[in-house]
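Engineer: Make a model of this:
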Amino acid sequence: MTVDLEIKAQKEQMSPLYHGVIYGAIAAFIWCVFPVVRRQSIAHSLSAYDIAALRFLVAGPLLIPVLW
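Structural biologist: You can find the predicted model right below:
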């Protein structure tokens, strides 16, 4: 019985490759969207400090799983 549970648990875990692809896609999305946001922010008179704060406040929490 415990062997069946262990095999099932191993199948349910995601592989490191899958995690890498997901986190890489998130990072690529952040890098692709940032120039658009920056251009719109400058057009609407946000300061450089506001833009930097937005960048780190959005990207930081999204990429925290990489530290685990």
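Engineer: wait, doesn't L63 sit right on A27?
Structural biologist: Yes: taking CB atoms under 8 Å as the definition, L63 is a contact partner of A27 at 6.6 Å. Backbone N, C-alpha and C define where each C-beta goes, glycine included.
Engineer: what's the following helix or strand after the helix or strand encompassing I42?
Structural biologist: Secondary structure assignment for I42, by DSSP states H and E: helix 16-43. Scanning forward in sequence from helix 16-43 by DSSP H and E, the next helix or strand is helix 48-63.
Engineer: Which elements pack onto that following helix?
Structural biologist: helix 16-43 (3 or more CB pairs under 8 Å, 6 or more residues apart in numbering; DSSP states H and E).
Engineer: helices or strands next to the helix it packs on in the packing?
Structural biologist: helix 48-63.
Engineer: tilt between the helix it packs on and helix 16-43?
Structural biologist: Interaxial angle, helix 48-63 versus helix 16-43 (axes from the mean of the first three to the mean of the last three CA atoms, to 10 degrees): 160 degrees.
Engineer: Buried residues, helix 48-63. List them.
Structural biologist: Residues A59 are the ones in helix 48-63 that count as buried (16 or more other CB atoms under 10 Å).
Engineer: Contacts for it, please.
Structural biologist: Contacts to helix 48-63, defined as CB atoms under 8 Å, 6 or more residues apart in numbering, come from residues Y23, I26, A27, I30, F34, V37, R38, S41, I42, L46.
Engineer: Great, nothing more from me.
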